[in-house]
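Asks: Test case, fold it:
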Amino acid sequence: MAGIGPIRQDWEPVVVRKKAPNAAANKDEKAVNAARRSGAEIDTTKKCRFPPFWFAPFFSLNHVTSDNAGTNKAASSGTSLNTKRLDEDTENLAHERVSSDLKKNLMQARLDKKMTQAQLAQMINEKPQVIQEYESGKAIPNNQIIGKLERALGAKLRSKK
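Replies: Just a heads-up that it's a prediction; the model follows:
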């Protein structure tokens, strides 16, 4: 290693800084005062909802339909056609539930086999709560689960429609 000479750095140091704050961050009073002290350019335009005076010949105040201009409110606060249609809709949107025939047949077949709800649930790889919901009539019918129950109990649970 003799004869190589002193080791030198050939590059300039790099300084990593955070990104400059965006416009939203510059709105608070502390940021504005700090920018004034540092001599940065500050834009102090006030936004208004009325057109400037030079725009008056092209704009009539009679055409203004909303007092919400420049705000984040809906364009119209009255009921729209869609809202009215939804209010008039009387369709029942409830899910289909297990029929009383199915829950009676399930309970009878399980009791004939002398099984508990937990044992039946374990047999078909479902949670005991599923069997409980089917027997109480609260479950939404699932043909896969009903098929598993029929195979496990060896009985037809669904009645012909």
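
Asks: what stretches of this protein score poorly on pLDDT?
Replies: Applying pLDDT under 70 to the chain flags the ranges 1-3, 9, 18-27, 44-80, 160-161.

Asks: Report the secondary structure element holding Ile145.
Replies: Assessed by DSSP states H and E, Ile145 sits inside helix 143-153.

Asks: May I see the buried residues of that helix?
Replies: Ile145, Ile146, Lys148, Leu149, Glu150, Ala152, Leu153 (16 or more other CB atoms under 10 Å). In short, each C-beta sits where N, CA and C put it, glycine included.

Asks: Give me the nearest residue to the third one, chain neighbours excluded.
Replies: Same thing as Lys148. Distances taken as CB to CB, 6 or more residues apart in numbering place Ile124 nearest to Lys148, at 4.1 Å, with adjacent residues excluded.

Asks: That neighbour is in contact with Ile146, isn't it?
Replies: No - in this structure Ile124 lies outside contact range of Ile146 using CB atoms under 8 Å: 10.2 Å.

Asks: Tell me how many other residues crowd Pro6.
Replies: Using other CB atoms under 10 Å, the number of residues around Pro6 comes to 4.

Asks: Also the one 5 residues further on?
Replies: Neighbourhood size, Trp11 [other CB under 10 Å]: 5.

Asks: From Gly5, how far out is it?
Replies: In this view, Trp11 and Gly5 are 18 Å apart by CB to CB, to the nearest Å.

Asks: for the protein, what spans make up the helices?
Replies: Assigned by DSSP state H, the helices in the chain fall at 29-38, 81-88, 100-112, 117-123, 128-136, 143-153.

Asks: Can I get the shortest one as CSV, trimmed to CA atoms?
Replies: Which is helix 117-123. Backbone C-alpha positions of helix 117-123 (Å, rounded to 0.1, in the frame of the first residue of the first chain) are rendered in CSV as follows:
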residue,chain,number,x,y,z
GLN,A,117,-75.7,-29.0,17.6
ALA,A,118,-72.0,-28.9,18.3
GLN,A,119,-71.5,-32.5,17.2
LEU,A,120,-73.4,-31.9,14.0
ALA,A,121,-71.4,-28.7,13.3
GLN,A,122,-68.2,-30.6,13.8
MET,A,123,-69.3,-33.4,11.5
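
Asks: Done for today, thanks.
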